[in-house]
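Colleague: for reference, the sequence and a predicted model appear below.
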Amino acid sequence: MNILALDTSSKTIGLAIMTEETVLYEIHLNSGKEHSSVLLPELDRALQSLAWDMERIDLFVVTTGPGSFTGVRIGLSTVKGFVLCHAKPLIGVSVLEALAHNVCGEDGLICPILNGPMGDIYTALYRYRVGSGFSCLLPDQIMKPQSLAVHIQEPVLFVGEGAITKRDELTGLLPGKARFLSGGVNICRPSVVGQIGKEIFQKTGSHDPFTLIPAYLRPSEAELKQGSLF
């Protein structure tokens, strides 16, 4: 199975082309340009480097959020176009779930965090057990760091850009329990997105491209402004 995985949920575009066993091409690009002007040229460059065309792709996987409203929408709509054009299966993957999978390897709690508006965070909570894998203890949601701390009673490993920016606050809220890592583990890796997508597809089959929608977890600014008028 050949897999194309995309993440456009942040300022960085992530793109991977992979088989079930091997990552053939992976790139993270923060060019400062709009995703809409960068994504397709980068995808074309990736395919050309492998001497492939789009027909070689058997499964399309894309992050559905949370993250940038515009970025998530661009990635999802682009992949939906390919799926409908080439009649191939589609899987949507949570950015938070992909971040959690960056740091599996030892038993314990893993908490992915992304920065949200007005001091909020996007977060979830997973337990990883060697031999049995991940279980979700707290599904994707938006909240204050103080509210998250209520759910944590044992040592936890934080991962994601929010873990970097909220490190001091989380350390104060969870003295002796909060653990952190630096480097690339805090970035959503498209190859990890592709691996999760493959596993979901093998268990449940394709997601419906007509009903798969972004997981923003909060109303957009336009929706909030519209609501304030009534």
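Modeller: Now that the structure is in, tell me what you want to look at.
Colleague: buried ones in stretch 168-179, by neighbour count?
Modeller: Neighbour counts using 16 or more other CB atoms under 10 Å place 169, 170, 173, 174, 178, 179 of stretch 168-179 among the buried residues. (C-beta placed from N, C-alpha, C; glycine too.)
Colleague: then stretch 96-116?
Modeller: In stretch 96-116, the ones that count as buried by 16+ other CB under 10 Å are 96-104, 108-116.
Colleague: that one: end-to-end distance?
Modeller: End-to-end distance of stretch 96-116: 13 Å, with CA to CA, to the nearest Å as the criterion.
Colleague: ok so, going back, any idea which of the buried residues of stretch 168-179 is the one closest to residue 79?
Modeller: Nearest to residue 79 out of the buried residues of stretch 168-179 is residue 170 (CB to CB; 33.4 Å).
Colleague: right, and the helix or strand after the helix or strand containing that closest one?
Modeller: Using DSSP states H and E, residue 170 sits within helix 167-173. Remark: after helix 167-173, the chain's next helix or strand is strand 178-180, criterion DSSP H and E.
Colleague: note down every partner strand of that next one and its orientation.
Modeller: With DSSP bridges as the test, strand 178-180 is paired with strand 156-159 (parallel).
Colleague: residue 52 and residue 19 touch, don't they?
Modeller: No - the pair residue 52 and residue 19 does not pass the contact test of CB atoms under 8 Å, sitting 11.6 Å apart.
Colleague: overlap of the contact sets of these two?
Modeller: residue 2 (CB atoms under 8 Å, 6 or more residues apart in numbering).
Colleague: what ranges does this protein have for its strands?
Modeller: Here the chain has its strands, by DSSP state E, at 3-7, 13-18, 23-29, 59-65, 90-94, 108-115, 121-129, 133-143, 156-159, 178-180.
Colleague: between the longest one and strand 121-129, how big is the angle?
Modeller: On the basis of axes from the mean of the first three to the mean of the last three CA atoms, to 10 degrees, strand 133-143 is oriented at 160 degrees to strand 121-129.
Colleague: ok now strand 133-143, how far from the chain's centre?
Modeller: Per CA atoms, centre = their mean, to the nearest Å, the displacement of strand 133-143 from the mean C-alpha position of its chain is 13 Å.
Colleague: likewise the third one?
Modeller: Relative to the mean C-alpha coordinate of its chain, strand 23-29 is positioned 15 Å out (CA atoms, centre = their mean).
Colleague: which of the residues in that strand are buried?
Modeller: 23, 25, 26, 27, 28.
Colleague: then the fourth one?
Modeller: Of the residues in strand 59-65, 59, 60, 61, 62, 63, 64, 65 count as buried by neighbour count, 16+ other CB under 10 Å.
Colleague: closest to residue 39 out of those?
Modeller: Distances from residue 39 to the buried residues of strand 59-65, taken by CB to CB, are shortest for residue 62, at 10.9 Å.
Colleague: any idea how far the spatially most central residue of the chain lies from residue 48?
Modeller: Most central in the chain under CA atoms, centre = their mean is residue 95, positioned 1.7 Å from the mean C-alpha point. Distance of residue 95 to residue 48, computed by CB to CB, to the nearest Å: 28 Å.
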